[in-house]
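Chemist: fold the following for me, if possible:
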Amino acid sequence: MARLRGVAVGAGYFSQFHYDAWTRIPEVDLVALADRDAARAAACAARYGIAQSFTDCIHMFDEIRPDFVDVITPPPAHREICQAAAERGIHVICQKPLAPDFDEAREIVEHAESAGIRLMVHENFRFQPWHREIKRLIASGAIGGKLHSLTFRSRPGDGWGDDAYLGRQPYFRTMPRLLVHETGVHFVDTFRFLAGEVRRVYCMLRRLNPVIAGEDCGLLVMEFSGGAVGLWDANRYNESTAEDPRYTFGTFLVEGDGGSIRLADDGSMTVQPLGEPERPHEYAHERRGFSGDCCLATERHFVERLLDGGPFETAGREYLKTLAVVEALYESAAKQAPVDLTLREG
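Modeler: Numbering: from 1, shown residues only. Prediction:
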């Protein structure tokens, strides 16, 4: 069996899901990690059986010389880490958002391409088991041959009160762009995965919690080149009734010319062909890791494509299409008008 030697940068809240997944991929030896907090780095390495920990990722790259690095830090650190890895011929899987803004994200992608290394964005929502199954059902014709609409409603309820986000990801509080940049990007990418390229958007954004800097509520409308329309109705302030609102992150209705698919917040799914009763649809999903163990599925995809040379679904250049939609959504909210992406170059 071919094996890859990997390292990681970051030991914050979300890194636990990455490290747990790496321990379950037999083709990978994760041999070191880096975090600026030495005690946190050492504790994380001990927890996951990683041999070495560093406070300087450049030092780690030069000493370890790994095949790849998993970048699990907030967006402002991504460019420096990704470029240092690229200059050393180290392949990269990098958490989203790829960068604080589109221009910096493009710079990361172009630098990786010029260095000849492979770059994948750790965009895990499209790898959630329910979205993979919905994609399969659409492709199989379970709801007809033409997709009409995708409607997702999200209420994680973690953004209300004076202490919003402090317990999990406190840097959310100071992000000037929050809901779309940090969370909505997941759904833009997932909607693209399910419905194809976006041609026009309309977006309304609000801030409900005055203690944070960015927006936390929005209605995002996307028109797709195939004729379907997507709606993401979200706010991070109000709560859902879900036992675990971070399992599916909401409820989903997918409609076609032959019927509908419904995803509940517990991961259960139904299919209703037109003219027939709604029926449960069984598929495999597991309450392990993060949100249906999607970090494992994302990392498995990265490893498999590194080993077989195939394209990443969320390769850097491809992911810029998702980020272009994000920028158009912010532009639409600022102008209070639709934005047509087909009128733009590239």
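
Chemist: the longest helix in this protein is where?
Modeler: The single longest helix within the chain, with elements called by DSSP state H, is helix 316-335.

Chemist: run the chain-centre distance for the very next helix or strand once past that one.
Modeler: Tracing the chain C-terminally past helix 316-335 and defining elements by DSSP states H and E, one meets strand 339-340 next. For strand 339-340, the separation from the chain centroid amounts to 24 Å (computed by Cα atoms, centre = their mean, to the nearest Å).

Chemist: partner strands of strand 339-340, parallel or antiparallel?
Modeler: Here the strand partners of strand 339-340, with direction, are listed using DSSP bridges: strand 198-206 (antiparallel).

Chemist: about what we covered before: quick one: buried residues of the longest helix of the chain?
Modeler: Within helix 316-335, the residues that count as buried by 16 or more other Cβ atoms under 10 Å are 316, 318-320, 322-330, 332-333. C-beta: built from backbone N, CA, C; applies to glycine.

Chemist: what mean pLDDT does that helix have?
Modeler: If you average the pLDDT over helix 316-335, you get 97.

Chemist: could you do stretch 232-243 as well?
Modeler: Here stretch 232-243 scores 96 as its mean pLDDT.

Chemist: and what of stretch 263-282?
Modeler: For stretch 263-282, the mean per-residue pLDDT is 98.

Chemist: I figured A21 hits L296, correct?
Modeler: Yes - with contact defined as Cβ atoms under 8 Å, A21 counts as touching L296 (4.0 Å).

Chemist: now do the shared contacts for the two.
Modeler: The overlap between the contact sets of A21 and L296 (Cβ atoms under 8 Å, 6 or more residues apart in numbering) consists of G289.

Chemist: spit out the contact partners of G12.
Modeler: Applying Cβ under 8 Å, 6+ apart as the definition, the contact partners of G12 turn out to be D35, I72, T73, P74, Q169.

Chemist: the last one: what's it in contact with?
Modeler: The one in question is Q169. G12, Y13, F14.

Chemist: and the residues you listed, which is closest to A41?
Modeler: Within these, proximity to A41 (Cβ to Cβ) peaks at G12, which comes in at 10.8 Å.

Chemist: and that closest one, what pLDDT?
Modeler: Reported pLDDT at G12 in the predicted model: 93.

Chemist: what of the one 4 residues further on?
Modeler: Listed pLDDT for Q16 reads 97.

Chemist: next, it: secondary structure please.
Modeler: helix (DSSP: H, G, I helix; E, B strand; the rest coil).

Chemist: that one and V185, how far apart?
Modeler: 21 Å (Cβ to Cβ, to the nearest Å).

Chemist: repeat that for F302.
Modeler: Counting by Cβ to Cβ, the separation of F302 from V185 is 18 Å.
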